[in-house]
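Trainee: what shape does this take:
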Amino acid sequence: MSKRRRHIAWAVGGVTVLAGGAVTAYATVSTPTLSNTSAAARPKPAVFTGNAFDACTAPSLAAMKAWRTSSSYRGAAVYIGGKNRGCAQPNLTASWVKSVDAVGWKLIPLYVGAQPPCQSGTRNEKMTTTNAASLGATDGNDAIAKAAALNMKPGSALYLDMESYDITNTACNNAVIAYVKAWDHALHAKGYWAGFYGFSTTSAKAVVNTANHSEIPDVLWYAKYDNVNSTTTGFPFDAKRWTGHRRGHQYAVNAKVSHGGYTITLDRDAWDAPVAIVAK
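Mentor: Numbering: from 1, shown residues only. Okay, here's the model as predicted:
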C-alpha cells in the first residue's frame, strides 16, 4: 500500500542535487516524441536542479515566502487537479502561483488522474481495460486546463501521479500504459511536457518496461525511499535512460519540517528536471 496515500483520494478506511538550486533552459536533450507535436516544436522547458518537496496541500503564501529565505528548498510540487487528488487546495490559485514564482520558487505541477483497475480500494476515478485510452486523453486535457488556469504556460512539464499496483496483472498493466500514453499525447498536442510519478518497484517500473521506448513520458519522477538526495546515485533503472535533466527522485516521505516559523508535512525530492513556466 502506498506510503503517499494521504496525497490521493481514497474512499475506504542525472546529477546530485545542489543545496541552493539552479534553473537552466534546455539545450539539446534526447526526448521521446509521442505525437505530431514533436519535441523540437514544443516550447523549451525550464529545468530546475536542487532540493524540492511535495506537500498534500499547497502551503500558505506566508509560509512559502518564509521558507524561501530560511530553507534550502527551491522547488515545490503542487497538486493541480485530478479526481483522485486527496487534499483541498485553498491556497492554490493563479495569484498564489504568480506570487511564489516571483519570489523564486520553481513549481512542479502534479495531477492525480484515474488509477489502475486492479488497484486495491475504491477511488473517485478508476480506469477500465476498455476506457483507459479515452480516459487518458480526457484527463490529459483536464490537466492542461487546470495548469492554464493557474497561469502555467505551454513548455511547462505536468506530472501524472500513478500509485502502486500489481504490475504482474497483464490486463491491468496494459490499461495503465494505454492511459499514460493517451495522457502524454494530449499534453504534447498542446505544447506541454509529460512527466510521470510512480514507484520504482511498481508503477514507475511498468513505464520503464514499456516495450516501445518512444512512447514513454519525457520525465521520470520515481519514488524510492532510500534517503539518498540524488537523481543518479542509486538510480533503479538503466543509467542511460532519462538523462539530460529528466529525473526526479522522491527519497523520503511524511516528515514534519520547520523553517522560518512555519511547519510543513512533506515528502523530500531530489530534482533535476523540468518545472512549470509561469506567465508573468
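Trainee: against Val112, how distant is Asn124?
Mentor: 9 Å (CB to CB, to the nearest Å). Any C-beta I mention is one placed from the backbone N, CA and C, and that applies to glycine too.
Trainee: which of those two has more residues huddled nearby?
Mentor: The neighbour comparison of Asn124 against Val112 (other CB atoms under 10 Å) goes to Val112, with 27 against 16.
Trainee: surely the more buried one touches Gly86?
Mentor: Yes. The pair Val112 and Gly86 passes the contact test of CB atoms under 8 Å, sitting 7.1 Å apart.
Trainee: what's across from the residue nearest the centre of the chain in the sheet?
Mentor: The centre of the chain sits closest to Tyr159, judged by CA atoms, centre = their mean, with a distance of 3.1 Å. Note on Tyr159: beta-bridge partners by DSSP bridges are Leu110, Gly195.
Trainee: ok, now which ones touch it?
Mentor: 77, 108-111, 195-197, 219, 221, 248 (CB atoms under 8 Å, 6 or more residues apart in numbering).
Trainee: mind doing that once more with 6 Å?
Mentor: 110, 195, 197, 221 (CB atoms under 6 Å, 6 or more residues apart in numbering).
Trainee: residue boundaries of the strands in the stretch 101-250 of the chain?
Mentor: With DSSP state E, counting those that start in this stretch as the criterion, the stretch 101-250 of the chain has strands at 106-111, 157-161, 193-199, 219-223, 247-259.
Trainee: before we move on, the earlier item: the contacts of Tyr159 into JSON lines, with extra columns for pLDDT?
Mentor: Listed next are those as JSON lines, based on pLDDT from 0 to 100:
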{"residue": "Leu110", "pLDDT": "98"}
{"residue": "Gly195", "pLDDT": "98"}
{"residue": "Tyr197", "pLDDT": "98"}
{"residue": "Trp221", "pLDDT": "98"}
